[in-house]
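>>> Quick one, fold the following:
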Amino acid sequence: MDFDPTTTATQLATLMVQGPQQQIDRESQLAKATQAGLEKLRSALSNFNTAVSGLAGATGGLKKNTATLTGTGATASASASAQPGSYSFFVEQLASTHQVAFADLPAVPVALGGPLVVQRADGSSFNVNLLAADQDGDGNLSATEIARAINQSPGNEGKVTAQVANTASGSQLILSSGLSGADGAITLDASGLPDSALKTALGGAPTELAAARNAVFWLGDQGSGLRVEQGSNSYTGIAGVDVSFTKAQTAGDAPIQLDVAADKAGTEESVRKFVNAYNALQNELNNLTKTSEDAASRGAFSTDAGVRNLRNRLNDLIRQDFGGLRISDLGISSDRQGQLTLDTTRLNKTLAANPEALDTVFGSSALGKRSGVFGAVADHLDSWTKSGTGQLARRLDNVQVQQKGLTQRQERLDETFDVNYQRYLLQFSQLQTVLGQMNQTSGLFSQLGA
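Next comes the predicted model:
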């Protein structure tokens, strides 16, 4: 009888754990498939939410308008809330940001520094502690150290920006206001500094590089229209319209003409983006819940009522009545698989009769302002995607707990295998030794008989 104790021990020990090992393998495979399915679901929901956020965001929703300018010296945009109309502007003066320079500031001992007050015409101000401005520790204050102290002052918060420029006439401490227009005019109060050359320099009149001017423009013709003066070159006085002036005009120039109108192509594209985003989500949900007799073709959640309900509930939500309208009134229809298609002819016909139809049906997904399709879908998806408490987070946590348990079971089963292997190896090694001794004895008897 000839055998290998190692091979025999391995075979018997494997046989001892075969049933539990097969069970662990099946459960592990299922857990991995579930985790992969949840990751796909999370990605699909995230992509859909991102697409909807972009369509329902601050840029104006699904409905698009165009802002067309005739003339130069301005740019304009119109959001979904803008009303069609024509407007004219005459730009008499652009707003500018105050900028001043203090030439060749003298380096003075730190002791001659102190509190310096930077003020703006809008009433805001902040203190600069020059006593702590000596960064290189040489005992003197340089223009660069003064500029750094101004920029890093706790009360500054972007009110004024300081920098040093080197020119042929020496270094210049340049201060730029963070606010355009007359309210951004900068002044320095150096009265808190000890008498010194620095106090004299900062307390004197600086060189004005750019004046603090307000924008002046007219709604309509210059002199006969409505005069507007403000600190910014951007005008938002027309609801949903943002106009930015870039060049002043001269007397006698024709006013800039602005025409706001519905953008049919842009609106169609926005609605199509929603349709495509929804179809991509439905495709993934259909794949994840696919049933089949072939296990390889079956979806990870083919028997999961929760994911199947998510798919069906989304189909129901987008078909609700909102303000007496449905998505079908906007030319959006669906097939038996939940896939949406867009009929642009019907969409434009509905919008021609009711320009607010898109806002009524789709509404908003913003927290506290949710309405329409966007709001209903966002509320339902929150129950899945909410961090920590959503179904996705809870299910992924459960899978991780399950996988941890499977790892522990595998470790215990491996220990059982090792114990049985060592026991069988010892037994069959001893048996091999006994059989070897018996073969020797049998050989001796054979020799004696001969």
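
>>> I'd like to know how many residues surround the residue lying closest to Gly71 once chain neighbours are set aside.
Excluding the flanking residues, the one nearest Gly71 by Cβ to Cβ, 6 or more residues apart in numbering is Ile256, at 4.0 Å. Yep, even glycine has a C-beta here, placed from its N, CA and C like the rest. Neighbourhood size, Ile256 [other Cβ atoms under 10 Å]: 22.

>>> Could you give the bridge partners of Ile256?
Taking DSSP bridges as the rule, Ile256 bridges to Phe89.

>>> gap between Ala121 and Ala182?
Ala121 sits at a distance of 6 Å from Ala182 (criterion: Cβ to Cβ, to the nearest Å).

>>> next one: Lys386
Lys386 is 48 Å from Ala182, where distance means Cβ to Cβ.

>>> same question, Ser142
Separation of Ser142 from Ala182 (Cβ to Cβ): 32 Å.

>>> try Gly363
Counting by Cβ to Cβ, the gap from Gly363 to Ala182 is 42 Å.

>>> Mind checking which of those two has more residues around it?
More crowded of Gly363 and Ala182, by other Cβ under 10 Å: Gly363, with 22 against 18.

>>> who's in contact with the residue lying closest to the more buried one once chain neighbours are set aside?
Among residues not flanking Gly363 along the chain, Gly372 sits closest, at 2.2 Å (Cβ to Cβ, 6+ apart). By Cβ atoms under 8 Å, 6 or more residues apart in numbering, the contact set of Gly372 is Phe322, Asp359, Thr360, Val361, Phe362, Gly363, Ser364.

>>> Give me the phi and psi for Gly372.
Torsion angles at Gly372 (phi, psi; degrees, to the nearest 10) stand at phi 60, psi -160.

>>> Only the buried residues of the longest strand along the chain, if you could.
Ranked by residue count, the top strand of the chain under DSSP state E comes out as strand 170-180. For strand 170-180, a neighbour-count test (16 or more other Cβ atoms under 10 Å) marks Ser171, Gln172, Leu173, Ile174, Leu175, Ser176, Ser177, Gly178, Leu179, Ser180 as buried.

>>> doesn't Arg120 make contact with the last one?
No. Taking contacts as Cβ atoms under 8 Å, Ser180 lies outside contact range of Arg120: 11.4 Å.

>>> Mind telling me what element the spatially most central residue of the chain is part of?
Ranked by distance to the mean C-alpha position of the chain (Cα atoms, centre = their mean), the top residue is Thr50 at 8.4 Å. For Thr50, the host element (DSSP states H and E) is helix 5-55.

>>> centre of the chain versus that helix, how much separation?
On the basis of Cα atoms, centre = their mean, to the nearest Å, helix 5-55 sits 31 Å off its chain's mean C-alpha point.

>>> Just name whatever secondary elements that helix is in contact with.
Here helix 5-55 touches helix 264-288, helix 372-385, helix 391-449, going by 3 or more Cβ pairs under 8 Å, 6 or more residues apart in numbering; DSSP states H and E.

>>> what about Leu435, how many residues close to it?
For Leu435, the neighbour count with other Cβ under 10 Å is 14.

>>> Also the one 3 residues further on?
Look at Met438: counted by other Cβ under 10 Å, it has 11 neighbours.

>>> tell me the contacts of it?
Met438 makes no contacts at all, as judged by Cβ under 8 Å, 6+ apart.

>>> now do Thr8
Tyr424, Phe428 are the contacts of Thr8 under Cβ under 8 Å, 6+ apart.

>>> Could you report the distance from it to Phe428?
Thr8 sits at a distance of 5 Å from Phe428 (criterion: Cβ to Cβ).

>>> Also Leu413?
Distance, Leu413 to Phe428, using Cβ to Cβ: 22 Å.

>>> re the thing from before, for the contacts of Gly372, pick the one with the most neighbours.
In those, the most neighbours by other Cβ under 10 Å go to Phe362, 29 neighbours.

>>> Run me through the strand neighbours of the longest strand of the chain, direction for each.
strand 97-103 (antiparallel), strand 160-167 (antiparallel).

>>> Give me the residues contacting it.
Applying Cβ under 8 Å, 6+ apart, the contact partners of strand 170-180 are 95-105, 118, 120, 122, 143, 146-147, 150, 158-166, 184-186, 188, 206-207, 209, 212, 231-233.

>>> CA atoms only for the helix or strand just after that strand, dumped as CSV, please.
Heading C-terminal from strand 170-180, the first helix or strand you meet, by DSSP H and E, is strand 186-189. Extracted in CSV, the C-alpha atoms of strand 186-189 (Å, rounded to 0.1, in the frame of the first residue of the first chain):
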residue,chain,number,x,y,z
ILE,A,186,-9.7,104.9,-0.5
THR,A,187,-8.2,107.2,2.1
LEU,A,188,-5.6,106.6,4.8
ASP,A,189,-5.7,107.9,8.4
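
>>> Tell me the strands beside strand 186-189, with direction?
Strand 186-189 has these partner strands in its sheet, going by DSSP bridges: strand 115-120 (antiparallel).

>>> Centre of the chain to the helix or strand that the partner strand is followed by, how far?
Remark: after strand 115-120, the chain's next helix or strand is strand 125-129, criterion DSSP H and E. Centroid separation between strand 125-129 and its chain, computed with Cα atoms, centre = their mean, is 36 Å.

>>> what's the average pLDDT for strand 125-129?
Mean per-residue pLDDT for strand 125-129: 95.

>>> and if you look at stretch 67-80?
Mean predicted lDDT for stretch 67-80 stands at 93.

>>> Now do the buried residues in that stretch.
Neighbour-count burial for stretch 67-80 flags Ala67, Gly71, Gly73, Ala74, Ala76, Ser77, Ala78, Ser79, Ala80 (criterion: 16+ other Cβ under 10 Å).

>>> repeat for stretch 103-121
Under the neighbour-count criterion of 16+ other Cβ under 10 Å, stretch 103-121 has Leu105, Val108, Val110, Leu112, Gly113, Gly114, Leu116, Val117, Val118, Gln119, Arg120, Ala121 buried.

>>> Export stretch 424-437 to CSV, keeping only CA atoms.
C-alpha atoms of stretch 424-437 as CSV (Å, rounded to 0.1, in the frame of the first residue of the first chain):
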residue,chain,number,x,y,z
TYR,A,424,-4.7,13.6,9.4
LEU,A,425,-1.1,14.4,8.5
LEU,A,426,0.1,13.0,11.8
GLN,A,427,-2.1,9.9,11.6
PHE,A,428,-1.2,9.0,8.0
SER,A,429,2.5,9.7,8.6
GLN,A,430,2.4,7.3,11.5
LEU,A,431,0.5,4.8,9.3
GLN,A,432,3.1,5.2,6.6
THR,A,433,5.8,4.4,9.2
VAL,A,434,4.0,1.3,10.5
LEU,A,435,3.4,0.0,6.9
GLY,A,436,7.0,0.6,6.2
GLN,A,437,8.0,-1.5,9.2
